[in-house]
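Peer 1: Everything below, folded, please.
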Amino acid sequence: MFDLIVSKKYSYTSDKAIQPGIKYSPTVWAEHCVECAAPLCYPTCTRFKKRKDGVCVRINNGISVTDKGIEVSFRSWAKIEAPYNPRVITPIEYKNLAKKVYWFDGLTRWMFNLMPTLGLRKFISNVDYSYRQKLINKYGSKGIFPERLKLYMDVTSSADVKLAVDIKEQFNVVWKNAVDLKKGHQITEVDLPIMDISKVPLYINIHPLDTEVEVCLTFNVLEIIGENTVASKKKVKCCIWDLDNTLWEGILVENDALKLRQDFVKFIKDTDARGIVHSISSKNDLDNTMNKLKEFGLDEYFVFPKINWNPKSQNILRTVKQMNINADTIIFIDDNPFERSEVSSVVKGITCVDPSEILELAKGDRFNVEVSAESKDRRHTYQLMEKMQSEQEEWVGDISDFLKSCNLQGTISQPNETNIKRCHELLQRSNQLNASGRRLSFEELEAIVKSSENNSFVLNASDKFGDYGIVGFLNINVKDGSVPTVTDFVISCRVANRMLEPTVLNYLTKKFGGRLRINYKKTDRNGPMFKVINDLGSHTVASADCEFEIYEHDYNNNFPEIVTVVDNTDK
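Peer 2: Residues are numbered from 1 along each chain as shown. Predicted coordinates for the structure are as follows:
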């Protein structure tokens, strides 16, 4: 009942909606919370404020239409979120969808306000949401993948603010960017990656990067726009293929009975005959993969193949250099959204597509190349170059370089009257990265922090995009005669999977004499925290009649230097 696509008054009837080449992703925005563990957090969260349908208020007064536009007044920790759909539909389809959504929304709002009980209001809200999702899915399934996808914002801000725009799976962020807004009116665009949603649903989020900030944004237009810019792109010279679940169905290391995609085989042979060559960037064992390609009769069709466990972006950069061609003449085909995002962030100009897109893209002008006797033999020319070139110094690396480029810094300090409430909120809301699973009351937390047997820490994080504020709380029990033990460790999922968690634990292990124990209690959602403990190389410690699994970690002096830790506890 509090969701919307975008105001029909300010967008669907605008002149921009009929510009040629512009299409729209059918998008429903809703109010959400960046730290939310709803509805488990409702009874204990000090920020909980009930809406008429029983859900927590994140946006003050809901997402509402005013004379000035779509008003979104962010409370602390508020965000707006929508299912991410990279397919786009025509302006006419978009307007028809809007009319149906708003007609039904008006009807259900009227019914909602008549309902005498919370249960009936929830039922009406669910009916409204279900109907809209069916419409969105119906129209979205007919859409096409554009060449370029962007978030378009015509917005007025009540203050200077840095916005985070990210795309995430249920738990993990897979893409992120940031936008600086100035106080007042502006138009801004953010290029979005075109990602696969056929296997894992994705969501796009917009919120202040510093989630404690409260700001009001009034959107004249908030849309995800697709543009077909094929004519401006250079002709294709090379297609670089992933293999597992791309060129063939299945994963080589898991199942030798692979099913080759015959439509892709035909495409490779047809384009090869016209002078478009093909290469490989696959994370696999070289010998096994080449044997399989030879078995399929395809090994001879690929030049400069890169089959190893290195980042695909680095492999592709080597291929670009070896072939002496520009990246904007290359198409990279991979089923994994993360791999496409990692490549596009490093290899500037390259076109990264899901396997489901390549045959449609091949119908366009970029594949309309001139054919000559020389072009027909182009693959053999590259194969000669391949044999003549001696191997340059082998690049050795991993995804750590990508993480290093983010310049992530974790700052530890001691709790005080100003930040202890934030620590309590994290304890209530954090699920995935909550070692003990305990939901301490505010009084229990105060007692722990004040006890002489404990050393508590507040964790702040920042990177090149800006300051994330307080993202974690950690307590170490230092009772005389025992190994210092982490009794509670919680961290926001907003900074998860960036090596911050294990780096901080390893640093504190050194700070407390080189050995640290960690209390861990398995819950149905905190598996990511166990992975952190496991990745540290911690070992279990036998203990009788204990509700926790106890892990012991010895300081690792060779731990990867990806995250910088700043210790302000002695200042």
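Peer 1: Now do the same contact list for Glu549.
Peer 2: 519-522, 540 (CB atoms under 8 Å, 6 or more residues apart in numbering). Any C-beta I mention is one placed from the backbone N, CA and C, and that applies to glycine too.
Peer 1: mind listing which of these are in strands?
Peer 2: Among those, the members falling in strands (DSSP state E) are 519-520, 540.
Peer 1: Just give me the closest of those to Lys312.
Peer 2: Tyr520 (33.9 Å; CB to CB).
Peer 1: follow-up on the earlier one: give the PyMOL command for selecting the buried subset of the ones in strands among the contacts of Glu549.
Peer 2: To isolate the buried ones among the ones in strands among the contacts of Glu549 in PyMOL, judged by 16 or more other CB atoms under 10 Å, type:
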select buried, resi 519+520
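Peer 1: Lowest-confidence one in the ones in strands among the contacts of Glu549?
Peer 2: The pLDDT minimum for the ones in strands among the contacts of Glu549 sits at Thr540, where the score is 88.
Peer 1: just checking, it touches Ile550?
Peer 2: Yes - in this structure, Thr540 is within contact of Ile550 by CB atoms under 8 Å, at 6.8 Å.
Peer 1: thinking again about what came up before, and which of the ones in strands among the contacts of Glu549 is nearest to Asp196?
Peer 2: The closest of the ones in strands among the contacts of Glu549 to Asp196 turns out to be Tyr520 (CB to CB; 33.8 Å).
Peer 1: Is Leu163 in contact with Pro208, as I believe?
Peer 2: Yes - assessed by CB under 8 Å, Leu163 is found in contact with Pro208 at 6.3 Å.
Peer 1: Compute the distance between Lys306 and Asp272, please.
Peer 2: Going from Lys306 to Asp272 by CB to CB, to the nearest Å gives 19 Å.
Peer 1: quick one: which of these two has more around it?
Peer 2: Per other CB atoms under 10 Å, whichever of Lys306 and Asp272 has more neighbours is Lys306, with 22 against 18.
Peer 1: The closest residue to that one other than its chain neighbours: what's it in contact with?
Peer 2: Excluding its sequence neighbours, the residue lying closest to Lys306 (CB to CB, 6 or more residues apart in numbering) is Asn315, at 3.6 Å. By CB under 8 Å, 6+ apart, Asn315 lies in contact with 281, 306, 308.
Peer 1: For this protein, which helix or strand comes out least confident on mean pLDDT?
Peer 2: The helix or strand of the chain with the poorest confidence is helix 373-376; it has a mean of 59 (mean pLDDT, DSSP states H and E).
Peer 1: tell me the domain ranges of the protein?
Peer 2: 8-228, 233-398, 404-567 (automatic domain parsing).
Peer 1: Pull the distance from the second one to the chain's centre.
Peer 2: I take that to be domain 233-398. Relative to the centre of its chain, domain 233-398 is centred 25 Å away, using CA atoms, centre = their mean, to the nearest Å.
Peer 1: do the same with the last one
Peer 2: Mean C-alpha position of domain 404-567 versus that of the full chain (CA atoms, centre = their mean) differs by 23 Å.
Peer 1: Also the longest one?
Peer 2: With CA atoms, centre = their mean as the basis, domain 8-228 stands 17 Å off its chain's centre.
Peer 1: thinking again about what came up before, which one of the contacts of Glu549 sits closest to Asn85?
Peer 2: Asn85 lies nearest to Lys522 out of these, by CB to CB, at 35.1 Å.
Peer 1: so how far is Arg51 from Phe112?
Peer 2: Remark: distance between Phe112 and Arg51 (CB to CB) = 11 Å.
Peer 1: Could you check which of those two is surrounded by more residues?
Peer 2: Using other CB under 10 Å, the more surrounded residue of Phe112 and Arg51 is Phe112, with 20 against 16.
Peer 1: sec struct for the residue nearest to Lys306, please.
Peer 2: helix (DSSP: H, G, I helix; E, B strand; the rest coil).
Peer 1: Can you list the residue ranges for helices in the stretch 151-300 of the chain?
Peer 2: Taking DSSP state H, counting those that start in this stretch, the helices of the stretch 151-300 of the chain run over residues 262-273, 286-296.
Peer 1: would JSON lines of the ones you listed with distance to Gln428 be doable?
Peer 2: Formatted as JSON lines, the helices of the stretch 151-300 of the chain follow (distance: least, CB to CB, whole Å):
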{"stretch": "helix 262-273", "distance to Gln428": "50"}
{"stretch": "helix 286-296", "distance to Gln428": "48"}
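Peer 1: can you redo those helices as TSV with distance to Ser341 and mean pLDDT?
Peer 2: As requested, the helices of the stretch 151-300 of the chain are exported to TSV (distance: least, CB to CB, whole Å; pLDDT from 0 to 100):
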stretch	distance to Ser341	mean pLDDT
helix 262-273	22	94
helix 286-296	23	91
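Peer 1: For Ile331, find the nearest of those helices.
Peer 2: Each of the helices of the stretch 151-300 of the chain has some distance to Ile331 by CB to CB; the shortest is helix 262-273, at 10.1 Å.
Peer 1: Can you name every helix or strand that that closest one contacts?
Peer 2: With contacts taken as 3 or more CB pairs under 8 Å, 6 or more residues apart in numbering; DSSP states H and E, helix 262-273 sits against strand 277-283, helix 355-361.
Peer 1: Can you say which of the ones you listed is nearest to Lys348?
Peer 2: strand 277-283 (16.3 Å).
Peer 1: could you check the angle helix 286-296 makes with the closest one?
Peer 2: Here strand 277-283 points in a direction 140 degrees away from that of helix 286-296 (axes from the mean of the first three to the mean of the last three CA atoms, to 10 degrees).
Peer 1: if we can go back for a sec, can you tell me which of the ones in strands among the contacts of Glu549 is nearest Ser400?
Peer 2: Tyr520 (25.3 Å).
Peer 1: so that closest one makes contact with Tyr551?
Peer 2: Yes - contact status for Tyr520 versus Tyr551: in contact at 6.0 Å, counting by CB under 8 Å.
Peer 1: Between these two, which contacts overlap?
Peer 2: Ile533.
Peer 1: Need the three-state assignment for Arg517.
Peer 2: Per three-state DSSP, Arg517 ends up strand.
Peer 1: partner residues bridging it?
Peer 2: Using DSSP bridges, the beta-bridge partners of Arg517 come out as Thr485, Glu552.
Peer 1: Verify the stated contact: it with Thr485.
Peer 2: Yes - between Arg517 and Thr485 there is a contact at 4.2 Å, judged by CB under 8 Å.
Peer 1: shared neighbours, the two?
Peer 2: Ile550.
Peer 1: low-confidence ranges in the stretch 301-450 of the chain?
Peer 2: Along the stretch 301-450 of the chain, segments meeting pLDDT under 70 span 370, 372-377, 381, 384-385, 387-399, 402, 429, 431.
Peer 1: Shouldn't Ile63 be within a strand?
Peer 2: Yes - checked against three-state DSSP, Ile63 lies within a strand.
Peer 1: count of residues packed around it?
Peer 2: Neighbour count of Ile63, defined by other CB under 10 Å: 21.
Peer 1: next one: Arg422
Peer 2: Arg422: 17 neighbours (other CB under 10 Å).
Peer 1: And the one 3 residues further on, by the same measure?
Peer 2: Residues contacting Glu425 under the criterion other CB under 10 Å number 22.
Peer 1: Cys41 too?
Peer 2: 20.
Peer 1: Which pLDDT value goes with it?
Peer 2: Confidence for Cys41, expressed as pLDDT, is 80.
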